[in-house]
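Undergrad: what's the 3D shape of this:
(one chain, ligands or ions: 1)
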Amino acid sequence: MIELQGLTKTYGGKDVVSDVSMTVDSGEFCVLIGPSGCGKSTTLKMINRLIPLSAGRVILNGEDVTTLPEEQLRRRMGYAIQSIGLFPHWTVAQNIAVVPRLLGWPKSRIDDRVEELMHLFHLDPDFRAKHPHQLSGGQAQRVGVARALAADPEVLLMDEPFGALDPITREALQAEMQRVHQETGKTVVFVTHDMDEALKLASRFAILNQGRLVQYDRPIELMFEPADDFVQDFLGKSDLGLKLLSRRWVHQYTADAPYAGVRASQGEIIETMRSYGHVWLVDDQGRPEGLFGARLGVAREAQQGLGRLTQVETDWTATPDMTMKEALSRMVWRRVTALPVVDDAGHLAGEVTMDGIMGRQP
Ligand SMILES: Nc1ncnc2c1ncn2[C@@H]1O[C@H](COP(=O)(O)OP(=O)(O)OP(=O)(O)O)[C@@H](O)[C@H]1O
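TA: Below you'll find the predicted structure:
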């Protein structure tokens, strides 16, 4: 666990990081994100004292980081950065072993650890003896992260570690990072300005603006309860809403569906529609056949009576295990504000609606 208490950095009389307080719990993947120049890197570098604090404290598992000897600090906090900083004349194995060697580990323990890390990062054993110039960008970055983890630190600090990579390599490394985080359970503090990357990796977002921490929350809370207009605008420019819906399921949003049997009288159907704004017509087996109302562009027509019946076709029903993003896409494509949710037998089991998406926090 890391506690930042009133972290402040002043340059030339101006606070570039101002009174940042937050707690990163053990095993958390915390992403520092915000516009360029908002103080992300400065905050990160103050955590491991690469930049001295102007005010505040950093507490690592109960101990004040400013009182830790340098050597302990390097052991307990791994650090990986975009430009990697591998030593060019050293082999991959020597580069990974930097901190263990500084700590005076015996050679056999170092060799074992290097092997373990190369395996963890899917680096071929042949790479042990290679030099950094013989590696691709992605391989070098893996070595950089492996090096940061070498002494099994309590915390891993990462400053835009994948920023310089092409999109495909970057995605591969993000997936790898996700896996390594799950396998090692490390506490990670990760700086990025890339919202996609943040969403893929973060369990918590720390959003900074002009040196201040404006919100520290889980992604879902950011979406439903942005702390202020800045956060709302910042997130609004990303497709966070859609990304979150891609991780939600239709069964989480399913509500009871207003319906009428095919044999229902016109009066009954109209009455249900008056109450709910739309009504599903189901056949004798309870399978949805048609929809009155809830179709964009026919609302006025529907108000005056039943309006046009929209035939339900299989490609716009939803199933409970479908993502909400897919359900929303079907709604948009079919220009309807409600989709029938059907069970395995095709029976009407409920509905998902545009209002439900807007109003519900599953
Ligand atoms: N050594 C320094 N002296 C003076 N000002 C500095 C120094 N280092 C950083 N700053 C200023 O502090 C502010 C925060 O910088 P920082 O690098 O932490 O931002 P960032 O959020 O990581 O930005 P980016 O996303 O562009 O990397 C910036 O306005 C920067 O100009």
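
Undergrad: in this structure residue 117 contacts residue 96, no?
TA: Yes - counting by Cβ atoms under 8 Å, residue 117 sits close enough to residue 96 to count as a contact (5.8 Å). C-beta coordinates here come from the backbone N, C-alpha and C atoms, glycine included.

Undergrad: which neighbours do the two share?
TA: Residues touching both residue 117 and residue 96 (Cβ atoms under 8 Å, 6 or more residues apart in numbering): 146, 150.

Undergrad: looking at these two, which is more packed in?
TA: Comparing residue 117 with residue 96 by other Cβ atoms under 10 Å, the one with more neighbours is residue 96, at 32 against 23.

Undergrad: so what's that one up against?
TA: 113-114, 117-118, 143, 146-147, 150.

Undergrad: let me have those in TSV, extended by pLDDT and secondary structure.
TA: Listed next are the contacts of residue 96 as TSV, based on pLDDT from 0 to 100; DSSP: H, G, I helix; E, B strand; the rest coil:
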residue	pLDDT	secondary structure
113	92	helix
114	94	helix
117	88	helix
118	90	helix
143	89	helix
146	88	helix
147	90	helix
150	89	coil
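
Undergrad: show me the two of those residues that sit farthest apart.
TA: Using Cβ to Cβ, the two most remote members of the contacts of residue 96 are 113 and 143, lying 13.6 Å apart.

Undergrad: excluding chain neighbours, give the residue nearest to residue 283 in space.
TA: The shortest distance from residue 283 to any non-neighbouring residue, by Cβ to Cβ, 6 or more residues apart in numbering, is to residue 289 (5.1 Å).

Undergrad: does the one you found count as helix, strand or coil?
TA: Assigned with DSSP: H, G, I helix; E, B strand; the rest coil, residue 289 falls in the strand class.

Undergrad: count the residues that sit near it.
TA: Neighbourhood size, residue 289 [other Cβ under 10 Å]: 17.

Undergrad: correct me, but it touches residue 263?
TA: No - if you go by Cβ under 8 Å, residue 289 and residue 263 don't touch, sitting 12.0 Å apart.

Undergrad: quick one, what contacts the closest residue to the ligand within the stretch 51-200 of the chain?
TA: Proximity to the ligand, evaluated over the stretch 51-200 of the chain using Cβ to the nearest ligand atom, is greatest for residue 193 at 4.9 Å. By Cβ under 8 Å, 6+ apart, the contact list for residue 193 reads 33-36, 40, 160.

Undergrad: the closest residue to residue 8 other than its chain neighbours and residue 19, how far apart?
TA: Excluding the flanking residues, the one nearest residue 8 by Cβ to Cβ, 6+ apart is residue 55, at 4.0 Å. Separation of residue 55 from residue 19 (Cβ to Cβ, to the nearest Å): 8 Å.

Undergrad: which residues of the stretch 151-300 of the chain fall in strands?
TA: Taking DSSP state E, counting those that start in this stretch as the test, the strands found in the stretch 151-300 of the chain are 155-159, 187-191, 204-209, 212-217, 259-261, 278-282, 288-293.

Undergrad: kindly compare burial across those strands and name the winner.
TA: strand 187-191 (a mean of 25; mean count of other Cβ atoms under 10 Å).

Undergrad: cheers, nothing more for now.
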